[in-house]
Each structure stands twice: as structure tokens, then as C-alpha cells.
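Enquirer: Give me coordinates for this.
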Amino acid sequence: MTWMMSLPRTTKRGISVLADLFFLLSALFIASWLSGVLQLAEFFSSHSLGLLVWLAFSIAVFSLLGLYRAILRYMAPQAVATVINGVLFASAGLVALLWFLAIADIARFVLCFSVIAVLLIGGSRWGFRSAIQLQRHKAKHRVLIYGAGCSGRQLLYALQSGDEYKPVVFVDDNTELQKTTVCGLTVLPAELLEKAIQRYRIDRVLLAMPSAGRGRKRELLEWLSALPVPVQSIPGMADLVAGHMKIDDLQDIRIEDVLGREVIEPNQQLMYANIRSKVVMVTGAGGSIGSELCRQIIRCKPRILVLFDVSEYALYSIERELNALKRRFGYSCTVKPVLGSVQQQKLLEQVMTNFQVQTVYHAAAYKHVPLVEYNMVEGVRNNVFGTWACAEAAIAAKVENFVLISTDKAVRPTNVMGASKRVAELVLQGLASRQNSTRMCMVRFGNVLGSSGSVVPLFAQQIKAGGPVTLTHQDITRFFMTIPEASQLVIQAGAMAKGGEVFVLDMGEPLRIYDLAKRMIHLAGLTLKDKTNPNGDIEIQITGLRPGEKLYEELLIGNNESKTEHSRIRAAKEQFLSWSATMLLLNSLDVACQSFDQQMLRQILLDAPTGFAPNSEICDLLFLSGRRSESAKKELVH
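Expert: Reported below is the predicted structural model:
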């Protein structure tokens with residue numbers, strides 16, 4: 001069977017023609033034997049030319065009807081009608097031939113021929129198709145489809161014509177569908193799902209619920225994560241309607257479905273306020289947050305979008321992607337990629353002035369906690385002095401709006417990264433009090449899914465590699481939000497700014513990372529390897545907290561917060577320094593950075609009103625290397 005399917009298409013058509021010639025002749029022999037009308041041996045010898053003309057006519061009719069264009073393994077039930085029509089034309093040709101030859105009493109003979117020809121020609125094709133499907137079904141994964149509605153039925157039809165999956169049973173919450181048969185498959189209630197997996201030897205569960213809310217999906221996934229099979233889902237309704245994906249483009253469960261956070265449609269008035277028909281600039285445009293900001297901004301139709309990044313490759317990548325979006329959706333926005341560091345104030349000022357920038361989203365920052373611990377001076381320079389330079393350039397260039405992307409790690413920080421971001425907030429608050437030509441605000445939020453350094457892609461990679469999954473502490477918790485939602489909320493918060501506000505995004509409930517890791521392991525169809533299950537698939541290894549890492553993150557320094565016109569954005573009023581006091585802090589930090597004095601740098605951060613409370617000794621690599629060198633010199637002297 002396999003060798004025949006691998007033959008060239010023309011060869012397979014030739015075989016089909018020869019087979020049909022054989023079946024037509026066989027039908028004649030059988031019909032003459034059953035009806036007793038013709039002596040075929042005598043008929044063939046005396047009328048061979050007429051018989052050949054009839055056979056040629058019949059094959060030509062079959063070809064015109066498309067019988068040889070159909071691929072047998074994909075033949076639909078409608079092909080039966082094609083076979084019947086072809087045989088009817090062949091029978092009509094046979095009647096004409098017999099009438100021309102003046103052969104009497106042919107009705108019973110032609111009727112027998114027609115029935116036998118349909119059975120032979122049609123039956124051979126369906127038999128071949130069934131044999132192929134049986135062979136393919138043996139190698140297919142047996143799947144259970146959760147959801148017997150419209151999407152579930154479409155998925156069933158798509159999978160049945162594929163080579164990978166064999167749907168064997170439906171499960172649905174709808175009581176009207178339960179214990180019925182849909183498209184040939186039994187529909188079971190949800191409570192029988194676990195038994196169905198064992199009874200039907202299910203290899204995989206496919207969720208066909210594209211329009212279900214995140215809350216419902218979260219409940220369902222919490223339950224499914226305990227089952228010993230992997231779980232996948234079909235694309236969301238938005239992707240299906242937009243034509244970005246097909247119904248059978250199966251996806252691994254997305255972590256945002258596990259979180260269960262419902263999506264709120266953005267307020268379009270707030271989205272457009274600082275962007276529509278304006279010149280917008282994004283610093284750190286090639287980063288995880290900056291690039292998503294650019295995607296959201298270009299949909300709001302700015303006049304010019306200026307991309308600013310120090311990484312050549314990151315800048316190239318986001319420019320190329322945005323230009324592809326422009327072509328696809330017909331956006332008229334002009335994209336301007338500019339290479340440079342946010343510490344270069346003169347460059348920033350020239351860029352903002354030349355392009356007449358009206359709104360700046362400052363996303364450029366070093367945000368990986370351990371790396372900033374190892375590189376204190378550069379972390380402070382980029383996060384503090386980069387923000388200062390960018391904000392001063394915006395004031396000088398008469399930019400209307402300046403939005404700083406901050407972090408929850410700026411609240412009572414235990415690491416240099418968080419402390420540097422809190423100082424950056426103080427700088428912006430001081431500048432907002434010093435002038436009123438440029439509206440300045442900060443937007444503070446927690447972890448975003450899929451950003452650089454996020455645990456989610458790391459866990460997925462470790463699970464795919466067979467483990468172990470590494471976790472710093474069993475009780476560590478974090479807030480999570482998707483990058484698109486965070487970016488939309490940043491844009492909307494910036495539109496509400498009057499000057500100097502700290503906006504805090506509603507991150508929902510914090511998630512225990514250990515529970516997240518377990519759920520990801522189970523949803524991959526694997527089991528957790530621990531003391532209670534030493535034969536499990538994937539182990540979770542606790543490695544210990546990294547330098548500067550906190551068990552819990554916070555979003556507010558005090559309790560002085562107020563609601564805004566957006567349900568997921570709050571405004572916090574927090575203590576800040578006067579500009580003169582801020583300048584003293586900045587000058588001290590500059591001296592410490594210029595001299596690469598990490599001890600002085602830490603002390604300044606400790607003395608500043610940031611709430612900095614480090615949970616480890618200085619980990620800066622240059623500082624530790626210098627101490628070792630000094631110790632080695634002393635040993636040599638002694």
C-alpha cells in the first residue's frame with residue numbers, strides 16, 4: 001500500500017484506467033452469465049472494434065467527470081455520485097452499441113451490468129481508501145476533543161483528513177449534547193473524562209473552546225493538569241476570525257490561559273490620545289516591552305514612530321517587523337530606526353528635536369536582577385543617568401508627554417536594579433516639579449510573560465529538554481501579566497497623566513512559581529518527580545535565592561492610592577525629593593560611578609530615600625575581582 005502511494009501521479013492514474021477497463025469487462029462477463037442474453041466469446045470475436053470504441057468512450061467519460069483527478073485517500077462521499085454518473089453514461093453507450101448491432105432483449109443485461117460496474121468500480125475505490133485510512137489510523141495519536149460545539153466539529157473534520165490525530169470521543173459540558181452522537185463520535189459528560197482517557201486509550205486532549213473566557217479555561221486547566229496526558233488547544237476566536245490561524249493549528253496551552261486573567265478591551269480614546277497622528281518615540285524599542293509598545297503604537301496610527309535602541313540587531317528586527325505590519329494592514333506611519341545609547345543626552349535631544357517628537361515612552365533599562373548585581377556601575381548608569389538624560393532631552397526638545405516604564409522591584413528594593421529604578425522615578429518626579437512644559441509620569445508593574453528573563457519560557461525549555469526545572473525558592477511568588485496587556489495599559493496610563501504621577505497597574509493575584517512549574521509539567525503530559533513519586537518524569541530543583549532576589553514583590557510603597565478612569569490602573573501619591581536634593585543624589589552617584597567605587601555606590605543607594613535593603617553582600621564582578629587581586633598582592637608581600 002505504501003509503495004503504491006509513493007508512485008508518481010501519472011502512474012497512479014494509468015493504474016486506475018487499467019483497473020477500470022478490467023472492471024468494465026468483468027461486469028460484462030458477469031452480467032452476460034447472470035442474464036443469459038449474450039454469448040460473449042462469440043460477441044467479442046465478431047464485434048471487437050465496437051467493443052473497443054465503447055471502452056474508449058467509457059474511459060473518456062470517467063475522465064471528463066473527474067474520476068481520475070480524485071485522490072483516493074481523500075475521496076469524499078460525493079464521489080459515489082461521480083461513479084454512478086460515469087457508469088450510467090457507460091451503460092447508455094452500451095445500449096447504443098447493442099441497438100446498433102440489432103441485439104434484442106438487452107434491458108436485463110444492461111441493468112445487471114450497471115449494478116455490477118458500480119459495485120466493482122466504486123467498491124474498489126472505497127476499499128482502497130479504507131485500507132489507506134486503516135493503515136494511517138494505526139499510526140495516529142488517539143485524541144479526545146473537549147467541546148462538541150461548532151469549533152469541535154470543525155476540528156474533527158480537519159483532523160480526520162490529516163495524518164497525525166484520530167479523534168475518538170467528545171467531552172462537553174452541555175447536558176443537551178451529553179450521551180448523544182455528534183459526527184459519529186459519542187459525547188460524554190466532563191465527569192467521565194478520566195475514565196474515557198483510560199477506556200479509549202487517549203494520547204492527547206484537545207480543547208476546542210476558542211471563545212471561552214480565561215476564567216473558565218483556568219478552572220478547566222487546573223483540573224486537566226492532574227491527568228496523565230498532554231493538553232493542547234485550538235487558536236483563539238480572534239486568530240480564527242482574522243485568518244491568522246486555522247482550526248487545526250494546535251497550540252500548547254498558553255500560560256495566560258493558566259493564569260486565568262480576563263482580558264479587558266482597551267479604551268480607544270486613551271490609546272489614541274498621545275499617539276494618533278503624532279510623532280512618537282520609544283527607547284529600548286527592540287526589547288521585550290519596547291517592541292510590544294511599538295506594535296501597539298503603530299496600530300494607533302502615529303504619523304512617525306522613532307525607534308531608539310543601542311542594540312543593532314534588536315533595532316533591525318523590530319524595524320523589519322513593523323514595516324511588515326505596515327504593508328499588511330496599510331498603515332501610513334513612517335518608521336525611523338535610530339541607533340544610540342540613552343546615556344547620550346545630546347544625541348537624544350537632536351533626535352527629538354529633528355523629528356519633532358511629541359510623546360516618548362522610555363522603556364530602555366537593564367532589568368535582569370542578577371546581571372545588574374554583577375554590574376552595579378553600568379546598571380546605575382543606564383537606569384538612572386539614562387533616564388535623566390532622556391528626560392532632560394525631552395524637556396529641551398519640548399516633548400509633550402514622557403512616560404517612564406518602571407517596575408514593582410522599585411518598591412522597597414532588595415537589589416541594585418530595583419534601587420536604580422526607584423532613583424529613576426525620583427529623577428522624573430523631581431523634573432516634573434521643576435517644570436511643566438513636558439508632562440512626566442511613571443507606570444509601575446510586575447513581571448510580564450515571555451519577557452527577557454521570564455521564568456515561563458525557561459521552564460518550557462527545561463521541560464522540553466527532559467528537566468530538571470530549576471527554581472530559586474519553593475515559596476517565591478510573582479505578579480504576572482501578558483506583554484500586550486501591559487503595553488496597552490502603559491499607553492492608557494500615560495494618556496491620563498497630569499504630571500509627576502506614579503501609575504500602578506492592577507496585576508491581579510500573585511502566583512506561586514512552584515505551582516506554575518508543576519502545572520506546566522502536568523499540562524505537557526508528564527509527571528512530577530519528587531519524594532512521593534520517585535519514578536516521575538520531571539524534577540523541580542530548588543537552587544536558592546539569587547543575589548538581590550525577593551520572595552515577594554509589591555507594587556505600592558505606601559497606601560496612598562486612588563482610582564482612575566480605567567479599572568486596572570491606579571494612581572499612587574508617593575514621597576519624592578525636591579530637584580535640588582535630587583541633584584545632590586545624582587552628583588554623588590556620578591562620582592561613585594566615575595571612580596568605580598562599588599562600596600560608595602551601595603552606601604549612596606542605602607542613604608537615598610529608596611527603601612533599599614539589600615539581602616546579600618556586594619556581588620559586582622569587578623569589585624570581587626579587585627578584592628581578590630588585593631588579597632593576592634598582600635600574600636606576595638608577606
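Enquirer: quick one: buried residues of stretch 285-301?
Expert: Buried residues in stretch 285-301, counted by 16 or more other Cβ atoms under 10 Å: 285-294, 296-298, 300-301. Where you see a C-beta, it was placed from the backbone N, CA and C, and this is true even at glycine.
Enquirer: Filter the residues you listed down to the ones in helices?
Expert: 288-294, 296-298 (DSSP state H).
Enquirer: any chance of those residues in a markdown table, plus distance to Ile145 and pLDDT?
Expert: Output for these, formatted as a markdown table (distance: Cβ to Cβ, whole Å; pLDDT from 0 to 100):
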| residue | distance to Ile145 | pLDDT |
| --- | --- | --- |
| Ser288 | 34 | 88 |
| Ile289 | 37 | 91 |
| Gly290 | 40 | 94 |
| Ser291 | 36 | 94 |
| Glu292 | 33 | 92 |
| Leu293 | 38 | 95 |
| Cys294 | 38 | 96 |
| Gln296 | 34 | 95 |
| Ile297 | 39 | 96 |
| Ile298 | 37 | 95 |
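Enquirer: which one among those gets closest to Ala158?
Expert: Using Cβ to Cβ, Glu292 is the member of those that lies nearest Ala158, at 31.0 Å.
Enquirer: Could you measure from that closest one over to Ala363?
Expert: Glu292 sits 9 Å away from Ala363, taking Cβ to Cβ, to the nearest Å as the criterion.
Enquirer: ok, now Thr470?
Expert: 28 Å.
Enquirer: ok, these two, which is more surrounded?
Expert: Ala363 (27 against 15; other Cβ atoms under 10 Å).
Enquirer: buried sites along the longest helix seen in the chain?
Expert: Assignment by DSSP H gives helix 9-35 as the longest helix of the chain. Within helix 9-35, the residues scored as buried using 16+ other Cβ under 10 Å are 16, 20, 23-24, 27-28, 30-32, 35.
Enquirer: Now render the residues you listed as TSV, adding distance to Leu322 and pLDDT.
Expert: Listed next are those as TSV, based on distance: Cβ to Cβ, whole Å; pLDDT from 0 to 100:
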residue	distance to Leu322	pLDDT
Ser16	52	77
Asp20	57	79
Phe23	61	81
Leu24	63	82
Ala27	66	80
Leu28	70	78
Ile30	70	81
Ala31	71	78
Ser32	75	75
Ser35	76	70
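Enquirer: Show me which of those is closest to Trp388.
Expert: Closest to Trp388, out of all of these and judged by Cβ to Cβ, is Ser16, at 77.9 Å.
Enquirer: Distance from the chain centre to stretch 175-192, please.
Expert: On the basis of Cα atoms, centre = their mean, to the nearest Å, stretch 175-192 sits 30 Å off its chain's mean C-alpha point.
Enquirer: With just CA atoms, put that stretch into PDB.
Expert: In PDB, the C-alpha atoms belonging to stretch 175-192 read as follows (Å, rounded to 0.1, in the frame of the first residue of the first chain):
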ATOM      1  CA  THR A 175     -26.100  18.500  29.100                       C
ATOM      2  CA  GLU A 176     -28.100  18.600  25.900                       C
ATOM      3  CA  LEU A 177     -25.200  17.100  23.900                       C
ATOM      4  CA  GLN A 178     -24.100  14.500  26.500                       C
ATOM      5  CA  LYS A 179     -24.800  10.900  25.700                       C
ATOM      6  CA  THR A 180     -25.600  11.700  22.100                       C
ATOM      7  CA  THR A 181     -23.600  11.000  18.900                       C
ATOM      8  CA  VAL A 182     -22.000  14.000  17.100                       C
ATOM      9  CA  CYS A 183     -20.400  13.300  13.700                       C
ATOM     10  CA  GLY A 184     -20.100   9.700  14.600                       C
ATOM     11  CA  LEU A 185     -18.400  10.200  18.000                       C
ATOM     12  CA  THR A 186     -20.000   9.700  21.400                       C
ATOM     13  CA  VAL A 187     -20.300  12.800  23.600                       C
ATOM     14  CA  LEU A 188     -19.500  12.200  27.200                       C
ATOM     15  CA  PRO A 189     -20.000  14.400  30.300                       C
ATOM     16  CA  ALA A 190     -17.000  16.000  31.900                       C
ATOM     17  CA  GLU A 191     -17.100  13.800  35.000                       C
ATOM     18  CA  LEU A 192     -16.300  10.800  32.800                       C
END
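Enquirer: Residues in contact with that stretch: which ones?
Expert: For stretch 175-192, contacts defined as Cβ atoms under 8 Å, 6 or more residues apart in numbering pick out 145, 148, 152-153, 156-157, 167-173, 196.
Enquirer: for stretch 165-179, which positions count as buried?
Expert: Buried, per 16+ other Cβ under 10 Å, within stretch 165-179: 165-173, 177-178.
Enquirer: And stretch 207-221, by the same measure?
Expert: So stretch 207-221, judged by 16+ other Cβ under 10 Å, has buried residues 207-210, 212, 214, 217-218, 220-221.
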